[in-house]
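Student: model this:
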Amino acid sequence: MAESLTAHPTPRDQTPIRLVIFDCDGVLIDSEALCDRVVSEELRRVGWDLSPADCHRLFLGLTFPDTQLAAEAHLGTSFGSDWVQRVVRRVTEVMGAEAEPIPGARDALLATAALGLPFRIASNSSHAEMAAKFRRAGLSDLMNGRIHSAYDMIALGKQGKPAPDLFLAAATAEGIPPAACVVIEDSVPGVQAAIAAGMTCLGFSPETDGSHLRAVGALPFAAMSALPDLLRRMLSGTR
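Tutor: Predicted coordinates:
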């Protein structure tokens, strides 16, 4: 998708790009429909009759603990302390058997590295889920030491997306200031987290015009094959 990088001014306009941070679900792994299916099944077990499409609309980009809080508030009941663990276990099983890569994901990661840019993964998914997804999708060899999970943040008393904590942790691990980071996201909470962290955000939106991502601060693009050129233009200062 050829689009001017001045379409939405960002911190990148003042600071050269030095790190790319990828979301996982919907950006590298075509896993969101699978997750929606599992969450729908588990919420129906506790009395909320939501379809997978409903779950996608309501919970896309949120952590499972946040999903539990929203569902408990809606139903006026507690699911117990093991609900998230049960969902994570089931999602991990499904991802290990069914998840596929987003078309062009591996090439985009390799092209990012070929441009001399380090990359990291920052996801609201657990480490177990991501390990299953990346193994199934044939991307595990690219992920060693690069993965950050919202559950790491939660263990520290911080938050997953839409809070900025996860992206800031990824930048700190690489020793790069936030303003020199570019985030690749596909959800509104993810874009909100990137913008709150003071980072540029490219919004991956293969099925729509991306206006919902633009509205919260991202520059939309439609195909993963377009990402290397977008990054190249950022590096060269082309607008």
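Student: tell me which element A71 falls in.
Tutor: A71 is part of helix 64-75, with elements assigned from DSSP states H and E.
Student: heading C-terminal from that helix, find the next helix or strand.
Tutor: helix 83-98.
Student: returning to that earlier point: quick one: work out the angle between the helix holding A71 and helix 83-98.
Tutor: 120 degrees (axes from the mean of the first three to the mean of the last three Cα atoms, to 10 degrees).
Student: surely V20 forms part of a strand?
Tutor: Yes - residue assignment for V20, taken from DSSP: H, G, I helix; E, B strand; the rest coil, places it within a strand.
Student: isn't A196 right next to A163, touching?
Tutor: Yes - using Cβ atoms under 8 Å, A196 is in contact with A163, at 7.0 Å. In this view, the C-beta of every residue, glycine as well, is placed from N, C-alpha and C.
Student: need the strands for this protein, in chain order.
Tutor: 19-22, 29-30, 100-101, 119-123, 147-149, 181-185, 200-204, 219-221 (DSSP state E).
Student: show me what the last one is packed against.
Tutor: In this case it means strand 219-221. With contacts defined as 3 or more Cβ pairs under 8 Å, 6 or more residues apart in numbering; DSSP states H and E, strand 219-221 has these neighbours: strand 200-204, helix 211-214.
Student: what do you get for the third one?
Tutor: For strand 100-101, the elements it packs on are strand 29-30, helix 127-137, judged by 3+ Cβ pairs under 8 Å, 6+ apart.
Student: list the buried residues in the longest one.
Tutor: By neighbour count on 16 or more other Cβ atoms under 10 Å, the buried set for helix 127-137 is 128-134, 136-137.
Student: give me the domain ranges for this structure.
Tutor: According to automatic domain parsing, the chain is divided into the following domains: 11-31+100-236, 32-98.
Student: make CSV from those and add mean pLDDT to it.
Tutor: Output for the domains of the chain, formatted as CSV (pLDDT from 0 to 100):
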stretch, mean pLDDT
domain 11-31+100-236, 95
domain 32-98, 93
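Student: so which of those is the most packed in?
Tutor: domain 11-31+100-236 (a mean of 20; mean count of other Cβ atoms under 10 Å).
Student: rewinding a little: alpha carbons only: can I get the helix holding A71 in CSV?
Tutor: The C-alpha trace of helix 64-75 is given here as CSV (Å, rounded to 0.1, in the frame of the first residue of the first chain):
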residue,chain,number,x,y,z
PHE,A,64,-7.5,-12.9,28.9
PRO,A,65,-7.5,-11.4,32.5
ASP,A,66,-9.1,-8.3,31.0
THR,A,67,-11.6,-10.4,29.1
GLN,A,68,-12.4,-12.3,32.4
LEU,A,69,-13.0,-9.0,34.2
ALA,A,70,-15.3,-7.7,31.5
ALA,A,71,-17.3,-11.0,31.4
GLU,A,72,-17.6,-11.1,35.2
ALA,A,73,-18.8,-7.5,35.2
HIS,A,74,-21.4,-8.4,32.5
LEU,A,75,-22.6,-11.5,34.2
